[in-house]
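Participant: Have a look at this fold, sequence not included:
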């Protein structure tokens, strides 16, 4: 009969072969690759965090490609019953004492913190990937505080999407690529392996069932799936937990709030508060819902007719996440005293706020005047000095007193520093 350690060694050998195969595949170089490679010279634990299937493993392999490293994928169910000491012993037999270790989806391994800390104390340079944003905020993970650096990875940005198609930033084809990216989203398999809406629908279900229902032992599976589907069809819309309570009938207010936390934890949906100078008012405001990827939204049958601006707004939100803005901390939406809504407010104190309005098209004079009026009111109320209207294709400049309003197409806004 095969000993447990022999089975473990055979499993690691199979994963090593899979790693070697992955290293031979053509990939798109991610924007985070160079910073991650630079971080490898530091002894801090590197943690790559982002949604499932966003390319975290590929990013790690890109950074480690020319460095000797051990590899473990913790999504294999058999590893959940292995002790950390047995795993370390098996790794040494398969790889020897290599200087680098890559552990994929480490949150799936029980007591992963003790395991990782032990390896780091032994001089290993450790890289982790995780699909759980609260991985490092849990009480057991507090032992890593000050000893790790996090790298965020989201689905392909527009520049990554364009690069994968051989399109440079100045190429006129970038506008067409932007149209495709806004509809298909940025998950790598969709672009590189031509996976379609069925793949994205299956990915959505996997995130719900594995990263939420499985991890948090959610009993009302129908309710959380229904809430997810409701959000996909209501993207960039306002809601309150009480209104959701009425729609879902048998789901309580507190349960809905808990579900919202689970969605954010696995990078699926995010909520955005209305900005106020008073913290209590922010907490009481209606929230807006956004999804991590437009492809997931359209895979659920989102109706583009009349929803072009909401789809564009969702993509702007994700781009702001990609640039490091944090919902409800450095990123809000806003409502003026006269009820004009501003899609995004970035409170850059003390240098003034940035306001971003999203409109698919402003060829209509009525639409343009409405957006300018909203920005004028909000600029004064929130002391904003940078004002943008992001459109699909239109570009212009307008003056608002001593402030300038830039009307900029989505592709140019994504590709610029602003």
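Facilitator: The structure has been received and is ready for your questions. What you see is a predicted model, and the numbers here were worked out from it, not measured in a lab.
Participant: Give me the local confidence score for residue 192.
Facilitator: On pLDDT, residue 192 comes in at 84.
Participant: To clarify, my last question referred to residue 170.
Facilitator: 70.
Participant: Quick check: it vs residue 416, distance?
Facilitator: 12 Å (CB to CB, to the nearest Å). For glycine as for every other residue, the C-beta is placed from the backbone atoms N, C-alpha and C.
Participant: Likewise for residue 297?
Facilitator: According to CB to CB, residue 297 and residue 416 sit 25 Å apart.
Participant: more neighbours, the two?
Facilitator: Between residue 297 and residue 416, counting by other CB atoms under 10 Å, residue 297 is the more crowded of the two (28 against 10).
Participant: in which helix or strand would I find the more buried one?
Facilitator: Following DSSP states H and E, one finds residue 297 within helix 294-299.
Participant: going on from that helix, what's the next piece of helix or strand?
Facilitator: The helix or strand immediately downstream of helix 294-299 is helix 308-322, counting by DSSP H and E.
Participant: What lies in contact with that following helix?
Facilitator: Residues from elsewhere that reach helix 308-322 (CB atoms under 8 Å, 6 or more residues apart in numbering): 152, 154-155, 157-158, 181-183, 235-237, 270, 272, 290-294, 297-298, 302, 304, 327, 331, 343-344, 346, 356, 358-361, 390, 392, 410, 413-414.
Participant: 7 Å instead, please
Facilitator: With contact meaning CB atoms under 7 Å, 6 or more residues apart in numbering, helix 308-322 is reached by 154, 157, 182, 235-236, 290-292, 294, 297, 304, 331, 343-344, 356, 358-360, 390, 392, 410, 414.
Participant: Filter those down to the ones in strands?
Facilitator: 290-291, 343-344, 356, 358, 390 (DSSP state E).
Participant: out of those, who's nearest residue 81?
Facilitator: Taking CB to CB as the measure, residue 81 lies nearest residue 291 of the ones in strands among the contacts of helix 308-322, at 35.0 Å.
Participant: what about the strands in the protein?
Facilitator: Using DSSP E, strands in the chain cover 45-49, 69-73, 100-104, 125-130, 148-152, 238-239, 269-272, 287-291, 332-335, 341-346, 353-358, 384-391, 396-400, 403-409.
Participant: Kindly reformat those as TSV containing mean neighbour count and mean pLDDT.
Facilitator: Output for these, formatted as TSV (neighbours: other CB atoms under 10 Å; pLDDT from 0 to 100):
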stretch	mean neighbour count	mean pLDDT
strand 45-49	23	94
strand 69-73	24	97
strand 100-104	23	97
strand 125-130	25	96
strand 148-152	16	90
strand 238-239	17	94
strand 269-272	21	98
strand 287-291	24	97
strand 332-335	23	96
strand 341-346	22	96
strand 353-358	24	96
strand 384-391	22	94
strand 396-400	11	89
strand 403-409	18	93
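Participant: got a list of what the nearest residue to residue 342 once chain neighbours are set aside touches?
Facilitator: Of all residues not flanking residue 342 in the chain, residue 334 sits nearest, at 4.1 Å (CB to CB, 6 or more residues apart in numbering). By CB under 7 Å, 6+ apart, the contact set of residue 334 is 274-275, 342, 345, 378, 382.
Participant: again, only using 10 Å
Facilitator: 273-276, 285, 340-345, 347, 353, 355, 374, 377-378, 381-382, 384 (CB atoms under 10 Å, 6 or more residues apart in numbering).
Participant: low-confidence ranges in the stretch 151-300 of the chain?
Facilitator: Flagging of the stretch 151-300 of the chain using pLDDT under 70 yields the residue ranges 169.
Participant: same thing but 90
Facilitator: The stretch 151-300 of the chain contains residues with pLDDT under 90 at 165-172, 191-197, 241-242, 246-250, 277-284, 300.
Participant: ok, now the stretch 1-150 of the chain?
Facilitator: Those would be 1-6, 25-27, 43, 80-81, 97, 107, 110-111, 113, 121, 132-150, if you go by pLDDT under 90 across the stretch 1-150 of the chain.
Participant: now the helices for it?
Facilitator: With DSSP state H, counting those that start in this stretch as the criterion, the stretch 1-150 of the chain has helices at 4-24, 33-39, 56-64, 84-95, 112-121.
Participant: so can I have a markdown table of the ones you listed showing mean neighbour count?
Facilitator: Below are these laid out as a markdown table (neighbours: other CB atoms under 10 Å):
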| stretch | mean neighbour count |
| --- | --- |
| helix 4-24 | 14 |
| helix 33-39 | 15 |
| helix 56-64 | 23 |
| helix 84-95 | 16 |
| helix 112-121 | 17 |
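Participant: closest to residue 207 out of those?
Facilitator: With CB to CB as the yardstick, what comes closest out of these is helix 56-64 (14.0 Å).
Participant: And that closest one, how far out from the chain middle?
Facilitator: Here helix 56-64 is found 17 Å from its chain centre; the criterion is CA atoms, centre = their mean, to the nearest Å.
Participant: now do stretch 203-223
Facilitator: With CA atoms, centre = their mean, you get 18 Å for stretch 203-223.
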